[in-house]
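[1] Using only what follows, build the 3D model:
(one chain, ligands or ions: 1)
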Amino acid sequence: MEREFGDRKIQLVLGDITEERSDAIVNAANSSLLGGGGVDGAIHRAGGPAILEECKAIRQRCGECPPGMAVITTGGRLAARYVIHTVGPVWRGGRAGEESLLSSCYRNSLRLAAEKGLSSVAFPSISTGIYGFPAAKAAPVALGAVARFLSEEERSPSIVRFVLFDEGTFHTYSEALADL
Ligand code: AR6
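    So this is what the prediction gives:
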């Protein structure tokens, strides 16, 4: 499933993001940047200790990473050259600015990719696992933020791929992409 936005496109695939060959993959991290469960644990396991070392150095230099923000490190042993770590909002019922923070995650991650001149980036579905953001609400926010960035920013990556881990999430994103 894919949709074009000028000469850029958004693709949706079902799969494991640690196997992605995009220039960068995005991690759904937490503010500590020191690892966790879900996709975060899988990325650190697959990419090895070099990723955590850089995260620790960023922590020492800049402190915690607040929700909505993003930082970039090496991809370590991953096929992807970089990992962009972004911190999604914890779902608190929808009236605590969750949608706007989620949108910032995608925008700030893509801004880092654009600054590095990357041409492909892969995202998981940020916040819809342990952080409890309903996928049906997250999908249009995620896809809308990426589509806006691809349409408006001249130096944006040419391909953004969402690598979705389960069929339910893939289906939800497919419907939201068709409706965008
Ligand atoms: N590839 C792609 N997607 C995956 C993978 C994978 N290998 N593994 C899980 N997912 P979550 P969050 C999906 O919980 O909600 C961590 O402890 C998963 O099915 O990883 O943002 C962090 O340290 C779901 O659809 O991230 C934070 O503390 C999506 O990725 C907290 O979890 C996101 O689920 C962040 O929670």
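[2] Name the residues of this protein found near the ligand, please.
    Within the chain, the positions adjacent to the ligand are 16-18, 28-30, 36-40, 42, 88, 124-131, 163, 165-166, 169 by Cβ under 6 Å from any ligand atom. Every residue, glycine included, has its C-beta placed from N, CA and C.
[3] Just the buried ones from these?
    Neighbour-count burial (16 or more other Cβ atoms under 10 Å) applied to the residues of the chain next to the ligand gives 17-18, 28-30, 38-40, 42, 88, 124-129, 131, 163, 165, 169.
[4] Surely S119 is in contact with S156?
    No: applying Cβ atoms under 8 Å as the test, S119 and S156 come out as separate, 9.5 Å apart.
[5] name the element the closest residue to G35 other than its chain neighbours belongs to?
    The shortest distance from G35 to any non-neighbouring residue, by Cβ to Cβ, 6 or more residues apart in numbering, is to H44 (4.9 Å). Element membership of H44, judged by DSSP states H and E, is helix 38-47.
[6] ok, residues contacting that helix?
    16-18, 25, 27-30, 35, 51-52, 75-78, 83, 124, 129-130, 165 (Cβ atoms under 8 Å, 6 or more residues apart in numbering).
[7] Give me the subset of the residues you listed that lies in helices.
    Filtering the contacts of helix 38-47 for membership in helices, criterion DSSP state H, returns I51, L52.
[8] any low-confidence regions in the protein?
    The model of the chain has no residue with pLDDT under 70.
[9] Do you have the helices of it handy? List them.
    Remark: helices assigned in the chain by DSSP H are 38-47, 49-62, 98-115, 135-152, 167-179.
[10] Tell me which residues of the last one come out buried.
    Of all the residues in helix 167-179, those buried under the rule 16+ other Cβ under 10 Å are T169, F170, H171, T172, Y173, S174, A176, L177.
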